[in-house]
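Enquirer: Predicted structure and sequence below. I'll ask about it afterward.
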Amino acid sequence: MGHGELRGVVALDGPSGTGKSSAARRLAAGLGARYLDTGAMYRAVTLAVLRAGVDLADPAGVAKVARDAVLVQGTDPNRSTTFLDGEDVGTEIRGPEVTLAVSPVSAVPEVRAQLVAEQRRIIAEALAEAGGIVVEGRDIGTAVVPDAPLKVYLTADAEARAQRRAKQDSASGRQSTLDATLADVQRRDTYDSTRAVSPLRAAGDAVVLDTTSLDLAGTLAALMDLVGDHGLLAQPSGRVHG
Ligand SMILES: Nc1ncnc2c1ncn2[C@@H]1O[C@H](COP(=O)(O)OP(=O)(O)O)[C@@H](O)[C@H]1O
Ligand SMILES: Nc1ccn([C@@H]2O[C@H](COP(=O)(O)OP(=O)(O)O)[C@@H](O)[C@H]2O)c(=O)n1
């Protein structure tokens with residue numbers, strides 16, 4: 001593909017439906033890098049909490065479930081996997097029950113401390129093995145990797161984001177009205193931005209990229225330019241053609 005390979009960490013943050021997952025996955029795949037979906041990790045812990053029947057308003061109970069859960073998050077950009085207690089939960093964690101409960105679970109400080117530690121371990125391992133990783137979430141540039149050489153904060157109008165999400169939901173067989181999807185997006189925006197620990201916000205040194213009027217290819221091209229501008233590309237080693 002001729003782009004070279006990613007060296008270092010790209011931190012990609014922003015609210016729901018801005019294109020983080022789609023863009024991060026493609027960026028990593030195109031640059032021979034790993035990909036970490038931190039939202040999937042919060043979703044998996046949330047699924048464990050729901051299965052355990054623990055009250056979402058009981059932070060100690062939620063924290064205990066998070067401690068006991070065995071979570072394995074993969075970093076292959078072509079096949080992002082999430083295992084909870086040995087079970088592949090990649091589909092279930094995208095369902096409406098988890099989406100409804102994930103913000104309160106991810107606001108529990110012990111849950112965040114535990115997952116951030118695990119994310120840093122995964123990132124260090126990926127850097128040692130592959131040299132580069134694209135990490136996507138809400139607090140990557142502010143809390144997980146504050147010294148990342150490139151931080152991008154994706155934004156887009158709530159209506160555009162809700163439209164994308166509704167289209168995505170219907171493509172995967174989940175029917176929901178645009179109004180309900182917009183309400184969910186706005187509810188999570190508010191919850192994630194106002195929580196006490198690591199609220200959703202752009203790091204002071206993040207590049208803000210508004211994707212409202214971009215398509216996925218445009219978003220990806222803008223990210224690719226930023227990676228190059230920040231000097232994060234190396235020529236692939238051991239191959240004549242990249
Ligand atoms: N720039 C974009 N323009 C239009 N649609 C997009 C764009 N980026 C992503 N999408 C689509 O919107 C949906 C949500 O994107 P996703 O990457 O899951 O967002 P996020 O991870 O920020 O929640 C996906 O179906 C994706 O293909
Ligand atoms: N780094 C992160 C990633 C996700 N989250 C939480 O996890 C939820 C789901 O994240 P996600 O990235 O899967 O959500 P979508 O934007 O894909 O719907 C978010 O609404 C946040 O509450 C977080 O707190 N910190």
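Expert: Yep, that arrived. Numbering: from 1, shown residues only. Ligands and ions are numbered 1, 2, ... in the order given.
Enquirer: And ligand 1, is the helix or strand where residue 159 lies touching that?
Expert: Residue 159 is part of helix 158-171 when elements are defined by DSSP states H and E. Yes: counting by CB under 6 Å from any ligand atom, ligand 1 is contacted by helix 158-171 at 164-165, 168. The way it works is simple: take the backbone N, C-alpha and C, and place the C-beta from them, glycine included.
Enquirer: Could I get those residues in a markdown table, plus columns for distance to ligand 2 and pLDDT?
Expert: A markdown table is the format used below for the residues of helix 158-171 next to ligand 1 (distance: CB to the nearest ligand atom, whole Å; pLDDT from 0 to 100):
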| residue | distance to ligand 2 | pLDDT |
| --- | --- | --- |
| 164 | 10 | 94 |
| 165 | 7 | 92 |
| 168 | 9 | 89 |
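Enquirer: so who does the residue in the chain positioned nearest to ligand 1 touch?
Expert: Nearest to ligand 1, among the residues of the chain, is residue 19, at 2.6 Å (CB to the nearest ligand atom). Listed by CB atoms under 8 Å, 6 or more residues apart in numbering, the contact partners of residue 19 are 154, 156, 164, 211, 214, 216, 219.
Enquirer: Look up phi and psi at residue 198.
Expert: Main-chain torsions, residue 198, degrees, to the nearest 10: phi 40, psi 60.
Enquirer: how close does the nearest residue to residue 186 once chain neighbours are set aside get to ligand 2?
Expert: For residue 186, ignoring the flanking residues on the chain, the nearest one in space by CB to CB, 6 or more residues apart in numbering is residue 158 at 5.8 Å. If you measure residue 158 against ligand 2 using CB to the nearest ligand atom, to the nearest Å, the figure is 12 Å.
Enquirer: okay but residue 158 is in contact with residue 185, surely?
Expert: Yes: under the criterion of CB atoms under 8 Å, residue 158 makes contact with residue 185 at 5.7 Å.
Enquirer: Next one: residue 209 from residue 225, what distance?
Expert: Separation of residue 209 from residue 225 (CB to CB, to the nearest Å): 10 Å.
Enquirer: between the two, who's got more neighbours?
Expert: Neighbour count, other CB atoms under 10 Å: between residue 209 and residue 225, residue 209 has more, with 21 against 10.
Enquirer: Confirm the more buried one sits in a strand?
Expert: Yes: checked against DSSP: H, G, I helix; E, B strand; the rest coil, residue 209 lies within a strand.
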